[in-house]
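Novice: any chance you can model this:
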Amino acid sequence: MLSAIFPDVIFRVNTAEKNLYLTFDDGPAEVTPWVLEELKKFNAQATFFCVGANIEKNIPLFNEIINRKHTIGNHTMNHLNGWKTKTGKYLGDVTACDEVLHLKTSVIGHRSSDNLFRPPYGRITLPQYFSIRKNHRIVMWDVLSKDYDKNISAEKCLQRVIQNSRSGSVIVFHDSAKAEKNLQYVLPKVLEYFSEKGFNFRSLPD
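Specialist: Residues are numbered from 1 along each chain as shown. As a prediction, this is how the structure comes out:
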């Protein structure tokens, strides 16, 4: 089990409460305002793992995520695949994203002390892991919606989430153009389905 190899990595939250943890990777992007409005309808909090380059392109959207009290995390500056990137370059990209996050959040009067990090594609080498863990809480997941996969129907994507989620699950969605079609079908139904079953949607860390 990966959780045994990486005991300090968050795969799910150990909780007896009916909480779910929605996470959104790769934004902010054009679909992000819609995501924020859907979350608002259900008083749901979430965690957004932002790509630094996308923050710089969409600063007002990034600010809106913060203003709505969602948490943010580092998803590298340029969405690098750790398995295909030399350690020095990868760590430099993580640091560059950190600098953007800290600069933009301090400008709007918000500071995040949690230093959450999620590797793009979930791919990270051991040297990268041991370095990043010194200053970040690394977050993976236990439910991957695959909303980005054009070979998976929106209904199948929905069933993946419903069938595999349980109390404490960390669920991955993407606020990106590639995932938009499936996301716009799945997210409202996930929010409604689990809300009716008494679940709360919380942001990380919890």
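Novice: give me the number of residues near the residue lying closest to Gly122 once chain neighbours are set aside?
Specialist: Ranked by CB to CB, 6 or more residues apart in numbering and with sequence neighbours excluded, the top spatial neighbour of Gly122 is Met140, at 5.9 Å. C-betas here are computed from N, CA, C, even on glycine. A count of nearby residues for Met140, using other CB atoms under 10 Å, gives 19.
Novice: when you give positions from now on, start the count at 13
Specialist: Okay, using 13 as the starting number, the last item reads as Met152.
Novice: what residues does Met152 make contact with?
Specialist: Residues in contact with Met152, defined by CB atoms under 8 Å, 6 or more residues apart in numbering, are Leu14, Val21, Ile22, Phe23, Arg130, Gly134, Val182.
Novice: got a list of what Glu50 touches?
Specialist: Glu50 neighbours (CB under 8 Å, 6+ apart): Leu199, Pro200, Leu203.
Novice: low pLDDT regions in the protein?
Specialist: 13-17, 118-126 (pLDDT under 70).
Novice: output the helix ranked longest in the chain as CSV - backbone C-alpha positions only.
Specialist: If you go by DSSP state H, the chain has its longest helix at helix 99-119. The C-alpha coordinates for helix 99-119 follow below in CSV (Å, rounded to 0.1, in the frame of the first residue of the first chain):
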residue,chain,number,x,y,z
THR,A,99,14.8,16.5,-9.6
GLY,A,100,16.4,19.9,-9.7
LYS,A,101,14.1,21.3,-12.4
TYR,A,102,11.1,19.8,-10.6
LEU,A,103,11.9,21.3,-7.3
GLY,A,104,12.6,24.6,-8.9
ASP,A,105,9.1,24.5,-10.5
VAL,A,106,7.5,23.8,-7.1
THR,A,107,9.4,26.7,-5.6
ALA,A,108,8.3,29.0,-8.4
CYS,A,109,4.7,28.1,-7.7
ASP,A,110,5.2,28.6,-4.0
GLU,A,111,6.5,32.1,-4.7
VAL,A,112,3.4,32.9,-6.8
LEU,A,113,1.1,31.5,-4.1
HIS,A,114,2.7,33.5,-1.3
LEU,A,115,2.9,36.7,-3.3
LYS,A,116,-0.7,36.7,-4.5
THR,A,117,-2.2,35.6,-1.2
SER,A,118,-0.2,38.2,0.8
VAL,A,119,-1.4,40.9,-1.6
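Novice: between the contacts of Met152, which is nearest Glu111?
Specialist: Of all those, Glu111 sits closest to Arg130, with 17.5 Å by CB to CB.
Novice: grab the nearest non-local neighbour of Gln196.
Specialist: Using CB to CB, 6+ apart, the closest residue to Gln196 is Trp46 (7.0 Å).
Novice: kindly report the same for Leu34.
Specialist: Ala58 (4.3 Å).
Novice: ok, the one you found to Arg24 distance?
Specialist: Per CB to CB, to the nearest Å, Ala58 is found 15 Å from Arg24.
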